[in-house]
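K.L.:
The following comprises the amino acid sequence and a computationally predicted model.
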Amino acid sequence: AWTLAAILASLTGNITILIASLKHHAIKLDKISVCIIENLAMADLGYTVIGLVPTLCNTLLPHSSPFKTGLLCKVFGYAQYVFAIADIFLICALNVSKLTFIRFPLRARLRSKCMGRWVAAIIWALSTFYPVENKLLLPDVLAYNPITYRCGLPISDYELKSGYWRWLIPLNVALITVVPMVVVMVATVWLLAYVHRVRGLQRQGII
């Protein structure tokens, strides 16, 4: 029930955002932020279709779902990583874009849709490459228990073959989890502090 509700909410919300932005130009922000929001909506839609729909299918058809084994499992598993990582990076980029827009409003006027497309293209390229890099690393540096082997990838009981990878793999994971989270937190706190300071100056009649 929760998965179905999440699917319906995501489809409704993200399709509404795309129609409002692409057709009616209803989002009145700088062009880079608008482009990031549009790509974020597309990434959410992609994860909904590629991630949540197969999850619902696996729940309803535990013994006959086509997404549990074979080619579909591998393709959808890879695509889930792409859309999830794109979501993370796009949220991070949107927070940085909002902060720089507030901090440097005159420079923000020079932003173009082309710049926004370049930002989105770089993020999609990184999101597409990261699962490929992990796929190349995992067979070489990890040993797995065959019992936990699913869809061609080890999912638990990781045992590193070399001590060298004991810090390299966590560092690799941190690049798509911890670093974006820290950037979002810093940008949000900085933005709130700046808004609070400006409001204080306005009350004092300085600006």
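P.N.:
Thanks, I have the structure now.

K.L.:
contacting residues around residue 22?
P.N.:
Residues counted as contacts of residue 22 (C-beta atoms under 8 Å, 6 or more residues apart in numbering) are residue 38. C-betas here are computed from N, CA, C, even on glycine.

K.L.:
please redo it, this time with the cut-off set to 10 Å
P.N.:
34, 38, 41 (C-beta atoms under 10 Å, 6 or more residues apart in numbering).

K.L.:
Spatially nearest residue to the second one (excluding sequence neighbours)?
P.N.:
Read it as residue 38. residue 21 (5.3 Å; C-beta to C-beta, 6 or more residues apart in numbering).

K.L.:
That neighbour: neighbouring residues, count only.
P.N.:
17 (other C-beta atoms under 10 Å).

K.L.:
That one contacts residue 35, doesn't it?
P.N.:
Yes - under the criterion of C-beta atoms under 10 Å, residue 21 makes contact with residue 35 at 9.2 Å.

K.L.:
Need the overlap of contacts for these two.
P.N.:
residue 29.

K.L.:
after the longest helix that the chain contains comes which helix or strand?
P.N.:
Counting residues, the longest helix found in the chain (DSSP state H) is helix 70-103. Following helix 70-103 in sequence order, the next helix or strand is helix 105-108 (DSSP states H and E).

K.L.:
hmm, back to that, pull out the buried residues from the longest helix of the chain.
P.N.:
Within helix 70-103, the residues that count as buried by 16 or more other C-beta atoms under 10 Å are 73, 76-101.

K.L.:
all helices for the chain, in order.
P.N.:
2-18, 31-47, 53-60, 70-103, 105-108, 113-141, 165-174, 178-203.

K.L.:
Spatially central residue (nearest the centroid) of the chain, please.
P.N.:
Among the residues of the chain, residue 87 comes closest to the average C-alpha position under C-alpha atoms, centre = their mean, at 1.6 Å.

K.L.:
Now do the contacts for the residue nearest to that one when sequence neighbours are not counted.
P.N.:
Closest residue to residue 87 apart from its sequence neighbours, by C-beta to C-beta, 6+ apart: residue 43 at 4.8 Å. Residues near residue 43 by C-beta under 10 Å, 6+ apart: 14, 82-91, 120, 123-124, 127.

K.L.:
From those residues, pick the one nearest residue 192.
P.N.:
When those are compared for distance to residue 192 (C-beta to C-beta), residue 91 wins out at 16.7 Å.

K.L.:
Test my guess that that closest one contacts residue 185.
P.N.:
No - using C-beta under 10 Å, residue 91 and residue 185 do not qualify as a contacting pair, with a distance of 11.6 Å.

K.L.:
For this structure, give me the ranges with low pLDDT.
P.N.:
In the predicted model of the chain, residues 1, 133-169, 205-207 satisfy pLDDT under 70.

K.L.:
Can you give me the distance of residue 114 to residue 27?
P.N.:
Distance, residue 114 to residue 27, using C-beta to C-beta, to the nearest Å: 18 Å.

K.L.:
and if you look at residue 172?
P.N.:
From residue 172 to residue 27 the distance is 34 Å (C-beta to C-beta).

K.L.:
what's near enough to touch residue 103?
P.N.:
Residue 103 neighbours (C-beta under 10 Å, 6+ apart): 190, 191, 194.
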